[in-house]
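S.K.: how would this look folded up:
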Amino acid sequence: MDKDKNELTEKELKRKNDFEKLSSEMRQKGYKMKNVVVNTKKAKYLAFLVMFPFMALTFWLYKHVNGFNLDGISWGDAVALPLLSLCLIIVHELIHGITWAIFVKNHFHAIGFGIVWSTLTPYCACFEPLKKWQYLLGTAMPTLVLGGGGAVAAVMTNQLLLFFAAECMIFSGGGDFQIILRTILSDKRESVYCSHPYECSLIAFEK
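M.R.: Numbering: from 1, shown residues only. Prediction:
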């Protein structure tokens, strides 16, 4: 997603100027900037490994409570599942944006949505700094709501289609949880986070 300065849109140029002002202010306060590159191709390969324990636990819980009979899946369900998952992926990004927008000064004006076309990966970005716990909460929230909440609802209602959708949402949180693990394992206790103004990366200001 690297872009030449001449290729930046008017909105991206404004974000770039705002980010340069923010960087200057943070350096004056003693923070050091770290660019955390998000490799979307690598993240997809690692997503299953990261989320497999959660998916396995959810499968065990559903099977233990309701049993597991694929005969209950109709052709209509097979068609509905990818469509439902696609809609939930959009909701996933909206939940990121809604959560982060609560904490920043300009709310939704500081939030951006888009797609990395090379990997067909949707994303949500926040261009104002967030405290560590705010960033972590917003990053985890879609998986907690759509994955964890969906799985609980599937177990309670014995809905196999909903269960598979919840599993998809847990898997789709693999990239988010990789970033969470990298953030938690950081040895910098005082830090704030925001998205790069025009590249697919996360900026950490640490001291």
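
S.K.: CA atoms for contacts and neighbours, from now on please.
M.R.: OK.

S.K.: Run a quick neighbour tally on residue 203.
M.R.: If you count neighbours by other Cα atoms under 10 Å, residue 203 ends up with 19.

S.K.: Next, give phi and psi for it.
M.R.: Note on residue 203: its backbone torsions stand at phi -100, psi 130 [degrees, to the nearest 10].

S.K.: out of everything not next to it in sequence, what's closest to it?
M.R.: Closest residue to residue 203 apart from its sequence neighbours, by Cα to Cα, 6 or more residues apart in numbering: residue 35 at 4.8 Å.

S.K.: partners of the helix or strand encompassing the one you found, with directions?
M.R.: According to DSSP states H and E, residue 35 maps onto strand 32-37. Using DSSP bridges, the strands paired with strand 32-37 are strand 201-206 (antiparallel).

S.K.: buried stuff in the strand it pairs with?
M.R.: 201-206 (16 or more other Cα atoms under 10 Å).

S.K.: And for stretch 93-103?
M.R.: 93-97, 99-101, 103.

S.K.: Kindly reformat these as CSV containing distance to residue 195.
M.R.: What follows is the buried residues of stretch 93-103, written out as CSV (distance: Cα to Cα, whole Å):
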residue, distance to residue 195
93, 14
94, 16
95, 16
96, 13
97, 12
99, 15
100, 11
101, 13
103, 15
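
S.K.: and which of those is nearest to residue 115?
M.R.: Taking Cα to Cα as the measure, residue 115 lies nearest residue 93 of these, at 10.6 Å.

S.K.: from the buried residues of strand 201-206, which single one is nearest residue 22?
M.R.: For these, the nearest to residue 22 is residue 205 (10.2 Å; Cα to Cα).

S.K.: Can you check the pLDDT for that closest one?
M.R.: Predicted confidence (pLDDT) for residue 205: 89.

S.K.: what's the burial count for residue 145?
M.R.: Close neighbours of residue 145, defined as other Cα under 10 Å, add up to 17.

S.K.: any idea how far it is from residue 87?
M.R.: Going from residue 145 to residue 87 by Cα to Cα, to the nearest Å gives 14 Å.

S.K.: Quickly note the distance from residue 134 to residue 152.
M.R.: Applying Cα to Cα, the value for residue 134 to residue 152 is 25 Å.

S.K.: same question but for residue 131, I mixed them up
M.R.: Going from residue 131 to residue 152 by Cα to Cα gives 30 Å.

S.K.: In terms of neighbours, single out the busier of these two.
M.R.: Comparing residue 131 with residue 152 by other Cα under 10 Å, the one with more neighbours is residue 152, at 19 against 15.

S.K.: so where does that one fall, helix or strand?
M.R.: helix 150-157.

S.K.: Buried residues in that helix, which are they?
M.R.: 150-155.

S.K.: same question, stretch 176-193
M.R.: Within stretch 176-193, the residues scored as buried using 16+ other Cα under 10 Å are 176-180, 183, 191-193.

S.K.: Show me these that map onto strands.
M.R.: Counted as lying in strands by DSSP state E, out of the buried residues of stretch 176-193, are 191-193.

S.K.: got a markdown table for those residues, with pLDDT and distance to residue 48 too?
M.R.: Shown next, in a markdown table, are these (pLDDT from 0 to 100; distance: Cα to Cα, whole Å):
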| residue | pLDDT | distance to residue 48 |
| --- | --- | --- |
| 191 | 85 | 29 |
| 192 | 89 | 28 |
| 193 | 90 | 26 |
